[in-house]
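# Kindly generate the corresponding structure for this input.
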Amino acid sequence: MLGRHDPQMDLADAVLWTGKIDPRPLVEKGSFHDRFAAVRATVLRDEDFEHWFDAEQGRRSIPPSVVAGAFLLALREGCSDREAEQRMRYDLRWKWALGLGLNDHGCDHSSLCVFRGRLLAHEEEGRLFREIVSRAVKAGLLTKRAVQVMDSSPMLGAAAVQDTYKLIRTALHKLVKGHKRELPAELMPRLKRYLQTGKADIDWEDAEARRLELQRLVADAELALKELPAEKDKPAASAARALLERVAGQDVEADGEGGVKIREGVAKDRVISTVDPEMRHGHKSSAGRWDGYKKHVSEDPDTELITAVEVSAANVGDGQVAIKLLEQQAEAGLEPAEVVADQQYAAGELREQAQSHGEGTSLVTKAAALPNDGYLHKSEFEIDLEAGTVTCPAGEVAHFAGRFRPGHSTEAVFAAVTCGRCPFAIACVRTSGQGRTISIHPYEHQLQAAAERRQRPDFPALMAKRPAVERKQAHLNRKGASRSRYFGLQKTRLQLFWSATVVNIERLMAIGQAVSSPGVAGTAPA
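The predicted model follows:
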């Protein structure tokens with residue numbers, strides 16, 4: 001049954017909180033905890049979680065609003081679940097913020113884990129975040145067609161990165177342990193070592209010993225995959241089999257002598273941990289690498305409120321997540337006219353998708369750096385999509401090979417004789433005796449529109465808004481979003497949604513806006 005928070009205090013609490021013993025306030029007036037207490041009752045309502053509980057059976061639960069509030073405070077202050085439990089017991093600021101009496105211990109640390117599990121089970125990990133954004137839209141704080149800024153940043157994973165030997169051995173452990181009871185007797189002598197975790201007892205400084213261990217691991221993986229039954233009706237067993245198939249082959253290749261060796265380079269979409277198989281290597285540049293996930297954020301630069309967040313594996317391109325952010329905004333009632341972003345969002349196909357989304361959104365980015373190779377770039381040519389022609393700097397005209405259709409590429413080829421007599425040929429045609437070829441991008445119309453947007457007078461001022469989202473990423477990092485606290489994309493996504501909720505609540509407090517439902521005033525403990 002649903003347990004509800006009771007704001008009624010006993011005599012001792014009332015005397016203490018109202019300052020009858022000591023006139024100095026026990027919780028600093030105007031502090032985050034004080035302001036959180038004022039809005040808590042309307043931001044976190046027990047009835048919002050009523051559908052989780054049976055209306056007539058069972059014991060009354062701990063009020064969900066208390067658990068949710070403790071989770072928000074824990075993210076804000078970097079607390080573990082156990083430390084959050086201690087703060088609810090002994091920290092007067094937390095008691096005031098959560099509306100707890102002196103003898104009210106809030107909840108056990110395990111209740112926080114159960115609460116997150118229920119959020120995931122009901123697919124409500126982002127509900128509170130979206131509700132606050134929706135309230136800001138309804139209150140007129142966020143404008144439907146206003147400019148938004150979008151960016152991504154690293155989010156480190158919670159699991160350790162494993163080498164090839166560890167990956168294969170732990171994946172074997174997962175599969176063999178799951179078949180322990182039905183493990184064939186003839187396989188037991190060979191596979192029993194995988195019933196335990198830990199490194200093989202070899203001299204790891206000996207290259208030959210490492211080579212032999214690799215042969216053994218790969219051979220045992222192939223044997224286990226062949227002989228152990230595939231249990232498609234058991235998700236855990238199927239996941240263990242798929243994981244072993246993945247890691248047993250991603251880092252090795254034939255050595256030409258009937259065995260295998262470590263492959264040079266890094267496999268595409270490489271699994272880096274069997275503890276959290278959804279983690280990936282990420283790169284912001286050729287020199288900088290991180291391991292884990294990537295958080296994507298969209299922000300309103302005027303109010304500095306986060307309007308959408310999403311998590312992806314670290315190796316996923318920013319543009320692949322942009323439409324998900326726009327969909328989140330649409331659910332809250334936002335359809336930004338323009339989104340300011342970096343070159344990761346400049347692809348023509350993404351621009352096309354954004355334009356066709358809702359009322360249409362234009363992506364505004366800086367121009368890509370042109371290659372400094374001494375040849376005339378495509379941008380020096382005038383492309384007329386309606387006429388199907390390309391005019392070169394010398395005034396010569398070439399026609400498209402076929403009619404331009406969005407989503408389909410074509411090209412325009414200048415005649416070799418025309419280019420041969422052109423004074424610009426040495427800086428235009430790479431192969432002597434041929435004419436210049438201009439490729440027409442499948443979304444050339446979007447690229448032209450983007451180039452035209454950069455020529456408008458307000459473009460510099462628009463791009464000056466982009467650093468706002470970078471500051472917001474730093475703010476998120478300070479509120480628990482720099483590193484995942486949990487294993488798996490789904491739980492990491494939950495963490496980011498709730499960290500973004502904390503950041504938005506703080507921002508609303510800073511600009512003096514209510515975060516309660518329309519027409520409902522927030523109240524502090526009475």
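
# From now on I want contacts and neighbour counts done on CA atoms only, so please keep to that.
Fine.

# Helices of the stretch 351-500 of the chain, start to end?
416-420, 444-454, 459-463, 467-476, 489-510 (DSSP state H, counting those that start in this stretch).

# Flag every buried residue along the fourth one.
Same thing as helix 467-476. Going by neighbour count (16 or more other C-alpha atoms under 10 Å), the buried part of helix 467-476 is A468, V469, E470, K472, Q473, H475, L476.

# Write down the beta-bridge partners of A412, one by one.
In this structure, A412 bridges to F400, I438 when assessed by DSSP bridges.

# ok, and T143, which helix or strand is that part of?
Using DSSP states H and E, T143 falls within no helix or strand.

# Now do the phi/psi pair for it.
Per-residue torsions, T143: phi -90, psi 140 (degrees, to the nearest 10).

# Name the spans of the stretch 101-250 of the chain whose pLDDT lies under the cut-off.
Scanning the stretch 101-250 of the chain for pLDDT under 70 picks out 233.

# how close does V43 get to T164?
Using C-alpha to C-alpha, to the nearest Å, we find V43 at a distance of 47 Å from T164.

# oh, I was asking about R60
49 Å.

# of those two, who's got more company?
T164 (20 against 14; other C-alpha atoms under 10 Å).

# That one: what's it in contact with?
By C-alpha atoms under 8 Å, 6 or more residues apart in numbering, the residues touching T164 are V247, D251.

# Check K491 too.
L120.

# do that again at 7 Å, thanks
Going by C-alpha atoms under 7 Å, 6 or more residues apart in numbering, K491 touches no other residue.

# For it, give its distance to V133.
Following C-alpha to C-alpha, the distance that separates K491 from V133 is 21 Å.

# On the pLDDT front, check the residue located most distally from the centre of the chain for me.
Ranked by distance from the centre of the chain (C-alpha atoms, centre = their mean), the top residue is R421, with 54.4 Å. The model reports R421 with a pLDDT of 91.

# what are the phi and psi angles of it?
Main-chain dihedrals, R421, degrees, to the nearest 10: phi -100, psi 10.

# so how far is A346 from the closest residue to F459 other than its chain neighbours?
Setting aside the residues directly before and after it, F459 is nearest to R453 in space (C-alpha to C-alpha, 6 or more residues apart in numbering), at 7.2 Å. According to C-alpha to C-alpha, R453 stands 13 Å off from A346.

# who has more neighbours, those two?
Set R453 next to A346 and count neighbours by other C-alpha under 10 Å: A346 wins out with 20 against 17.

# burial count for L228?
Neighbour tally, L228, other C-alpha under 10 Å: 17.

# how about it, phi and psi?
Taking degrees, to the nearest 10 as the convention, L228 sits at phi -80, psi 140.

# angle of the particular helix or strand that has V137 in it against helix 489-510?
Element membership for V137, per DSSP H and E: helix 127-138. Angle of helix 127-138 versus helix 489-510, following axes from the mean of the first three to the mean of the last three C-alpha atoms, to 10 degrees, is 40 degrees.

# angle of the helix or strand just after helix 127-138 against helix 467-476?
Using DSSP H and E, the helix or strand that directly follows helix 127-138 along the chain is strand 148-156. Per the same axes, to 10 degrees, the angle that strand 148-156 makes with helix 467-476 is 40 degrees.

# Touching strand 148-156 from outside, list them.
Contacts of strand 148-156 (C-alpha under 7 Å, 6+ apart): 290-301, 318, 336, 338-341, 466, 469, 481-484.

# how does the protein divide up, domain by domain?
Per automatic domain parsing, the domain ranges recorded for the chain read 11-124, 136-156+281-366+466-506, 164-262, 378-449.

# Out of those, the one nearest P457 is which?
P457 lies closest to domain 136-156+281-366+466-506 among the domains of the chain, at 13.6 Å (C-alpha to C-alpha).

# May I have the distance across the closest one, first residue to last?
Start-to-end, domain 136-156+281-366+466-506 (C-alpha to C-alpha) is 14 Å.

# ditto for stretch 94-106
10 Å.

# List the strands paired with the lengthiest strand in the chain, with their directions.
Secondary structure of the chain per DSSP state E: the longest strand is strand 289-300. In the sheet, strand 289-300 lines up against strand 148-156 (antiparallel), strand 280-283 (antiparallel), strand 305-313 (antiparallel) (DSSP bridges).

# Turn the ones you listed into CSV, including distance to R89.
CSV is the format used below for those (distance: least, C-alpha to C-alpha, whole Å):
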stretch, distance to R89
strand 148-156, 31
strand 280-283, 39
strand 305-313, 32
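
# For the protein, give me the ranges with low pLDDT.
In the predicted model, the chain carries pLDDT under 70 at residues 1-25, 233, 285-287, 513-526.

# nearest spatial neighbour of G388, skipping sequence neighbours?
F400 (5.3 Å).

# Actually, V275.
Take V275 and drop its neighbours on the chain: the residue closest to it by C-alpha to C-alpha, 6+ apart is A159, 6.3 Å away.

# now do I306
Using C-alpha to C-alpha, 6+ apart, the nearest residue to I306 is E299, at 4.3 Å.

# show me what contacts that neighbour?
Q148, V149, M150, L305, I306, T307, V469.

# and with 10 Å instead?
E299 sits next to 147-151, 305-309, 339-340, 466, 468-470, 472-473 when contact means C-alpha atoms under 10 Å, 6 or more residues apart in numbering.

# same question, T307
So T307 contacts 129-130, 132-134, 136-137, 142, 148-150, 297-300, 325-326, 328-330, 332, 334, 500, 504 (C-alpha under 10 Å, 6+ apart).

# Whichever strand or helix holds R116: which residues count as buried?
Per DSSP H and E, R116 falls inside helix 109-121. For helix 109-121, burial by neighbour count (16+ other C-alpha under 10 Å) applies to H109, S111, L112, R116, L119, L120.

# Serialize these to JSON lines and add fields for distance to S31.
Listed next are these as JSON lines, based on distance: C-alpha to C-alpha, whole Å:
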{"residue": "H109", "distance to S31": "25"}
{"residue": "S111", "distance to S31": "27"}
{"residue": "L112", "distance to S31": "25"}
{"residue": "R116", "distance to S31": "27"}
{"residue": "L119", "distance to S31": "29"}
{"residue": "L120", "distance to S31": "32"}
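
# Tell me, how many residues neighbour H357?
Per other C-alpha under 10 Å, the neighbour tally for H357 reads 16.

# just the one 4 residues further on next, same as before
Other residues within reach of T361, judged by other C-alpha under 10 Å, total 22.

# just checking, it touches E335?
Yes. Assessed by C-alpha atoms under 10 Å, T361 is found in contact with E335 at 7.2 Å.

# mind checking the end-to-end distance for stretch 423-436?
Using C-alpha to C-alpha, the two ends of stretch 423-436 sit 13 Å apart.
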